[in-house]
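Peer 1: here is a sequence with its predicted model. Questions after.
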Protein chains: 4
Amino acid sequence: MSPKIVLIDEKLEQIREGALSVFAEKGYYSSKMEDIARDAGMGKGTLYHYFKSKEEVFDFMVERFFSEYEGMFQTLEKMGLDEAVDFMVEAAFSLTEKEKRIIQLLLQVWGHAALEKQTKTKVLIQQVYAKYIEQFSGFIARVKKGEKNDYKALSRQIFAMLDGMMIQIFLYPETAGEKEEMKKAILKMIR
Amino acid sequence: MSPKIVLIDEKLEQIREGALSVFAEKGYYSSKMEDIARDAGMGKGTLYHYFKSKEEVFDFMVERFFSEYEGMFQTLEKMGLDEAVDFMVEAAFSLTEKEKRIIQLLLQVWGHAALEKQTKTKVLIQQVYAKYIEQFSGFIARVKKGEKNDYKALSRQIFAMLDGMMIQIFLYPETAGEKEEMKKAILKMIR
Amino acid sequence: MSPKIVLIDEKLEQIREGALSVFAEKGYYSSKMEDIARDAGMGKGTLYHYFKSKEEVFDFMVERFFSEYEGMFQTLEKMGLDEAVDFMVEAAFSLTEKEKRIIQLLLQVWGHAALEKQTKTKVLIQQVYAKYIEQFSGFIARVKKGEKNDYKALSRQIFAMLDGMMIQIFLYPETAGEKEEMKKAILKMIR
Amino acid sequence: MSPKIVLIDEKLEQIREGALSVFAEKGYYSSKMEDIARDAGMGKGTLYHYFKSKEEVFDFMVERFFSEYEGMFQTLEKMGLDEAVDFMVEAAFSLTEKEKRIIQLLLQVWGHAALEKQTKTKVLIQQVYAKYIEQFSGFIARVKKGEKNDYKALSRQIFAMLDGMMIQIFLYPETAGEKEEMKKAILKMIR
DNA sequence: CATGAATGAGTTTTCATTCAT
DNA sequence: CATGAATGAAAACTCATTCAT
């Protein structure tokens, strides 16, 4: 916790913020290191003090992005079913309401991960989803008093729906209004 | 008198095939016109005889891709509920089984559409989804003897789930085995 | 004078016309063989039946252009001074009045001739000017009952003025109205 | 803290010099950015730090070229007629003696300005000539105690002759020896 | 003869990365 | 540490020329 570390963390935070903003809007290849640097409030050269390459900046930003939601479903442990579903859907939708950038970024990241060579991004996402599924199927098992493994498929379906909903909202923003229907649908699936 | 006779449709088909293959594997920006041309069995210059730019090649390929599935849900008209759900899920999953490329391509296309400037790709996808939703909610209305508009949200949820499932399958190919659970889940949602 | 020759001449004339038009407007390098062909009312390939290369088309057009004015000053032989000056200035100015293209073309041709490698165009222009000077200084010698060689410099000055006037007219088309002043100036120089 | 200090003016001067040299010899379209860069002693990319495009480099060079002679005729203010004519002709001819490049460049610039789309170069030349004519007709008016506007046409004729002489000298370098005749002719025209 | 589809060498331009200050 | 000037590899795109029909 020396002041130096604080300063570095501040820089990294600036970079993360700039990178998120630029990558979300332009995608990986149309984002220029110069844009990211400017957006982060520093010179191009400075960026290279902290990261060896553009790819590294991207990976760093993605990592931070997902880690932000890493523990999200730990709070489920103390909730009942209705409350939990409400919480999840609200969380997912609020994400998209706050910032158009978030959906755009997700679409970028998925696309990037799909590139034959981008193993790293793909692995990162895999880990995150694995954790989500783990936590959520555990939750259902508790509520339904069953075996966690029996609810993996169901959890995947629910997360698929939430992801797919992002795409729908991206295409037709008005879809964001169908939050309540969504909750009902998920409850139906679980019960 | 008359010059070399060329079967334009044949050429376009070659290009579509090459473009699909290359774009799916490398993404828009890492795909080189030369690669696409070679893959399509022609020289770089020839590509430019048929298309003014890389963007045009991409758009053309995307258009053809979606138009292939345009009428897909017309066959629903004569089916019962179980049969229809079976058909849809089978169709979606078979897409991913046949070729890893297809999911990769979809992820690329979504990412591309999310770029602030790519209005065209976005509009294209919007139209396609609108049509799908229209057809499917019409189907549900018939089966459930209700109003088409009351089933739009439900349709969107189901399509969201199918799209999201693509992402899951891309991340964990073994997910592709959960086809039957998927059918059950959808039936549950509709009933 | 077989019909075949007539047909060939017709084609060549079409090409000359098309080339003049396109080269004048776009300059050598921005003129595409395709444009010239279209303007000449034929296909690109046909152009290559008559000329081996773009450069050849250009040279042909330039040659025809200058040869059109080759004999122009032979008529001077029967004229008096005032009449001759009137004739020359009128001829030069009418050129520019008829078509903006002509000045543009001249500027293109001069520029092209100035390129280190374009010996051919340069030689062509040299020959034409030599002939002009020859004829005109001969004329002055007759009128002023002197030696032709003593009037070469004067002739060159007069032609220089006419050429330079083209540039002025290109820059300020209204200059074209100073025809009469021009005649007076030339007369003053000769007397 | 502060980055590498660069003397921008020095860089620009290098570029101007390289551009002048290359454009004069090869013309606009045959001049490669790489040639200009090498000639200016820098890499291709560096050129693009200072100019957005080839066209911009050209315009910059032309502007600098003409601005060099901008004030040339201000010195006329203190001269008598003979002295002034002597000065002007000497200036014009010395230009061509010093460097063949200069005439070649002028021919290139005129040709470039004649292209339908190159409004910028054309406007630039128009402004320069307007200034020249303004200054010189003012000078004649003073010497002949008349109205400046009455000498605009005369001025234009004289400048036309000087321009046209450049072309003659380009075609027959020996013409450069007719300097004295030129002076006499101009004096005759003015008196 | 006539045509325009096919081709690839050649150009402009971009941009990640380096490095002198 | 911070910076942005410098660089050249790489890519989209153009177009003269060729040649099958």
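Peer 2: That came in fine, so what should we check first?

Peer 1: so after the helix or strand encompassing residue A:128, what's the next helix or strand?
Peer 2: Here residue A:128, judged by DSSP states H and E, is contained in helix A:119-144. Downstream of helix A:119-144, the first helix or strand assigned by DSSP H and E is helix A:152-171.

Peer 1: related to what we said a few turns ago, average pLDDT across the helix holding residue A:128?
Peer 2: Averaging pLDDT along helix A:119-144 gives 91.

Peer 1: same question for that helix: list its buried residues.
Peer 2: A:120-122, A:124-125, A:128-129, A:131-133, A:135-143 (16 or more other Cβ atoms under 10 Å in any protein chain shown). In this view, the C-beta of every residue, glycine as well, is placed from N, C-alpha and C.

Peer 1: same check on stretch A:157-166?
Peer 2: For stretch A:157-166, the neighbour count (16+ other Cβ under 10 Å) marks A:157, A:158, A:159, A:160, A:161, A:162, A:163, A:164, A:165, A:166 as buried.

Peer 1: cool, and stretch A:80-91?
Peer 2: The neighbour-count check on stretch A:80-91 (16+ other Cβ under 10 Å) flags A:81, A:84, A:85, A:86, A:87, A:88, A:89 as buried.

Peer 1: inside strands: which ones of these?
Peer 2: Assigned to strands by DSSP state E, none of the buried residues of stretch A:80-91 qualify.

Peer 1: for residue C:190, state which of these is nearest.
Peer 2: residue A:89 (98.2 Å; Cβ to Cβ).

Peer 1: mind checking if the helix or strand where residue A:102 lies is in reach of DNA strand E?
Peer 2: Take DSSP H and E as the rule and residue A:102 turns out to sit in helix A:100-113. No: shown here: helix A:100-113 not in contact with DNA strand E (Cβ under 7 Å from any atom of the strand), separated by at least 13.9 Å.

Peer 1: export that helix as PDB, just CAs?
Peer 2: What follows is helix A:100-113, C-alpha atoms only, in PDB (Å, rounded to 0.1, in the frame of the first residue of the first chain):
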ATOM      1  CA  LYS A 100     -25.200   1.000 -24.100                       C
ATOM      2  CA  ARG A 101     -21.400   0.500 -24.100                       C
ATOM      3  CA  ILE A 102     -21.800  -2.600 -22.000                       C
ATOM      4  CA  ILE A 103     -23.700  -4.600 -24.500                       C
ATOM      5  CA  GLN A 104     -21.500  -3.400 -27.300                       C
ATOM      6  CA  LEU A 105     -18.500  -4.400 -25.300                       C
ATOM      7  CA  LEU A 106     -19.900  -7.900 -24.700                       C
ATOM      8  CA  LEU A 107     -20.600  -8.400 -28.300                       C
ATOM      9  CA  GLN A 108     -17.100  -7.300 -29.100                       C
ATOM     10  CA  VAL A 109     -15.600  -9.600 -26.500                       C
ATOM     11  CA  TRP A 110     -17.500 -12.600 -27.700                       C
ATOM     12  CA  GLY A 111     -16.500 -11.900 -31.300                       C
ATOM     13  CA  HIS A 112     -12.900 -11.500 -30.300                       C
ATOM     14  CA  ALA A 113     -13.000 -14.700 -28.300                       C
END
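
Peer 1: what packs against that helix?
Peer 2: Packing partners of helix A:100-113 (3 or more Cβ pairs under 8 Å, 6 or more residues apart in numbering or on different chains; DSSP states H and E): helix A:3-30, helix A:54-67, helix A:81-98, helix A:119-144, helix A:152-171, helix B:100-114, helix B:152-171.

Peer 1: any idea how far whatever residue of chain A ends up closest to DNA strand F lies from residue B:187?
Peer 2: Nearest residue of chain A to DNA strand F: residue A:45, at 2.0 Å (Cβ to the nearest atom of the strand). Distance of residue A:45 to residue B:187, given as Cβ to Cβ, to the nearest Å: 59 Å.

Peer 1: who has more neighbours, those two?
Peer 2: residue B:187 (15 against 10; other Cβ atoms under 10 Å in any protein chain shown).

Peer 1: the residue most central in space within chain A: what's it in contact with?
Peer 2: Taking Cα atoms, centre = their mean, the centroid of chain A lies closest to residue A:66, which sits 4.6 Å from it. Counting by Cβ atoms under 8 Å, 6 or more residues apart in numbering or on different chains, residue A:66 touches A:124, A:125, A:128.

Peer 1: contacts with chain B among those, please.
Peer 2: residue A:125 (Cβ under 8 Å from any Cβ of the partner chain).

Peer 1: gap between residue A:9 and residue A:16?
Peer 2: According to Cβ to Cβ, residue A:9 and residue A:16 sit 10 Å apart.

Peer 1: ok, these two, which is more surrounded?
Peer 2: Set residue A:9 next to residue A:16 and count neighbours by other Cβ under 10 Å: residue A:16 wins out with 18 against 10.

Peer 1: report the separation between that one and residue A:40.
Peer 2: From residue A:16 across to residue A:40, the span is 8 Å (Cβ to Cβ).

Peer 1: residue A:175: neighbour count?
Peer 2: For residue A:175, using other Cβ under 10 Å, the count is 23.

Peer 1: and the residue of chain A nearest chain C?
Peer 2: Per Cβ to the nearest Cβ, residue A:30 is where chain A lies closest to chain C, at 30.1 Å.

Peer 1: report the contact partners of the residue nearest to that residue when sequence neighbours are not counted.
Peer 2: Closest residue to residue A:30 apart from its sequence neighbours, by Cβ to Cβ, 6 or more residues apart in numbering or on different chains: residue B:115 at 6.9 Å. Listed by Cβ under 8 Å, 6+ apart, the contact set of residue B:115 reads A:25, A:26, A:27, A:30.

Peer 1: what do you get for residue A:31?
Peer 2: A:19, A:22, A:23, A:25, A:54.

Peer 1: and for residue A:183?
Peer 2: Contacts of residue A:183 (Cβ under 8 Å, 6+ apart): A:85, A:86, A:89.

Peer 1: repeat that with 10 Å
Peer 2: When contacts are counted by Cβ atoms under 10 Å, 6 or more residues apart in numbering or on different chains, residue A:183 touches A:82, A:85, A:86, A:87, A:88, A:89, A:90, A:93.

Peer 1: separation between the first one and residue A:143?
Peer 2: To tie it back to what came earlier, the one meant is residue A:82. For residue A:82 relative to residue A:143 (Cβ to Cβ), the value is 10 Å.

Peer 1: and the nearest residue to residue A:146 once chain neighbours are set aside, how far is that from residue B:19?
Peer 2: Among residues not flanking residue A:146 along the chain, residue A:140 sits closest, at 7.6 Å (Cβ to Cβ, 6+ apart). According to Cβ to Cβ, residue A:140 and residue B:19 sit 43 Å apart.

Peer 1: before we move on, the earlier item: just send the buried residues of stretch A:157-166 back as TSV, with pLDDT and distance to residue D:148 too.
Peer 2: Shown next, in TSV, are these (pLDDT from 0 to 100; distance: Cβ to Cβ, whole Å):
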residue	pLDDT	distance to residue D:148
A:157	94	90
A:158	94	88
A:159	94	85
A:160	95	84
A:161	95	84
A:162	94	82
A:163	94	79
A:164	95	80
A:165	94	79
A:166	92	75
